[in-house]
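Chemist: After the sequence you'll find the predicted model.
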Amino acid sequence: MNRNVLAIGAHIGDMDLTAGPTLAKLILEGASATIVALTPGERGHPRMSPAEYKKQKIAEGTAFADAIGADFVVFDQSDGFLPAGDDVALELARIIREKQPDTIITHWKHSIHSDHENAAVLAERARFLAGLPIDPTDDFAAVTPYPALAAKLAELPRHGVRSFLHAENWEDMEGFTPSLYVPIPDEAFYRWVSAIRHQAFARGETYGFRYIDYYTALMTTRGCLASYPRACAFHTNQAPEITKLAGP
């Protein structure tokens, strides 16, 4: 599939659940992967304060990434209030230039959660900015409200990302149609299960939703459609194929 993947989620746990099995598979095959959470997801616990849960979420996200062999980055944006502005996009574009991924995985563009929608917008914008010619001598103050961030981006060589995938998420299903199935072998699946079960929300301990059961069943369902025991589904915005039709 590729050798370097960047998975961008709105909260810690989003990409761990939806892209985690695929990341585990690719890492086992020798790829590099980085998980970026744009917020900690600190407002997602009904009994813990955001400050307390933030510490727990960061520890859980770090442990998950370590368990599957990925790098992990978390932004200090606020859960429920993720903006879609160029300040966040420029910071994210710098990570793209640093990591130089072949593929970005993020949320689908329609969701019941505004943070998820904004994460998809930010990933697209950051991909564009990472590939944009930016010279360190440019007058950044004249073109952006965030000249310092643009100047930091200009320090790194531009990078174009070849493929852009939207992961399947139960909160992001409006208009989502799978166009790519990734088979998940047993070793990757069990590595993912072992890692994700240490996240409290994934175990259903926050609001009761059985995330691990849901995504395990979803992999089985998608596997049936793909003729494999398990698979993860993605939507990709690839251009139509060009081919020359020929008769017999």
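Modeler: That came through fine. Computed from a prediction, not measured in an experiment: that's the story for all the values here.
Chemist: So for the worst-scoring helix or strand of the chain on mean pLDDT, what gets flagged as buried?
Modeler: Taking mean pLDDT, DSSP states H and E as the measure, the helix or strand of the chain with the lowest value is helix 140-143, at a mean of 94. Burial within helix 140-143, assessed by neighbour count using 16 or more other Cβ atoms under 10 Å, is assigned to Phe140. Backbone N, C-alpha and C define where each C-beta goes, glycine included.
Chemist: helices and strands around it, which ones?
Modeler: Applying 3 or more Cβ pairs under 8 Å, 6 or more residues apart in numbering; DSSP states H and E, we find helix 140-143 packed against helix 147-154.
Chemist: quick one: the strands in this structure?
Modeler: Using DSSP state E, the strands found in the chain span residues 4-11, 32-39, 71-74, 103-106, 163-167, 180-183, 231-236.
Chemist: Low-confidence regions, the protein specifically.
Modeler: 1-2, 239-248 (pLDDT under 70).
Chemist: quick one: the helices in it?
Modeler: 14-18, 20-28, 50-68, 86-99, 114-130, 140-143, 147-154, 186-196, 211-226 (DSSP state H).
Chemist: Distance to Val161 for those helices - can I get that in a markdown table?
Modeler: A markdown table is the format used below for these (distance: least, Cβ to Cβ, whole Å):
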| stretch | distance to Val161 |
| --- | --- |
| helix 14-18 | 16 |
| helix 20-28 | 15 |
| helix 50-68 | 20 |
| helix 86-99 | 7 |
| helix 114-130 | 5 |
| helix 140-143 | 22 |
| helix 147-154 | 15 |
| helix 186-196 | 23 |
| helix 211-226 | 24 |
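Chemist: Packed most tightly, which of these would that be?
Modeler: helix 14-18 (a mean of 28; mean count of other Cβ atoms under 10 Å).
Chemist: next one: it to chain centre, how far?
Modeler: Chain-centre distance of helix 14-18: 7 Å, with Cα atoms, centre = their mean, to the nearest Å.
Chemist: before we move on, the earlier item: out of the helices of the chain, nearest to Leu6?
Modeler: helix 86-99 (5.7 Å; Cβ to Cβ).
Chemist: List the contacts of that closest one.
Modeler: For helix 86-99, contacts defined as Cβ atoms under 8 Å, 6 or more residues apart in numbering pick out 4, 6, 8, 32, 34, 36, 38, 71, 73, 75, 77, 82, 104, 122-123, 125-127, 129-130, 144-146, 149-150, 152-153, 156-159, 161.
Chemist: list the contacts for the spatially closest residue to Ala150 that is not a sequence neighbour?
Modeler: Distance criterion Cβ to Cβ, 6 or more residues apart in numbering; nearest residue to Ala150, sequence neighbours excluded, is Phe140 at 4.2 Å. Taking Cβ under 8 Å, 6+ apart, we find Phe140 in contact with Tyr146, Pro147, Ala148, Ala150, Ala151, Ala154.
Chemist: What separation is there between the residue nearest to Met219 when sequence neighbours are not counted and His110?
Modeler: Nearest-residue entry for Met219: Arg230, 4.1 Å, with adjacent residues in sequence omitted and distances by Cβ to Cβ, 6+ apart. In this view, Arg230 and His110 are 26 Å apart by Cβ to Cβ, to the nearest Å.
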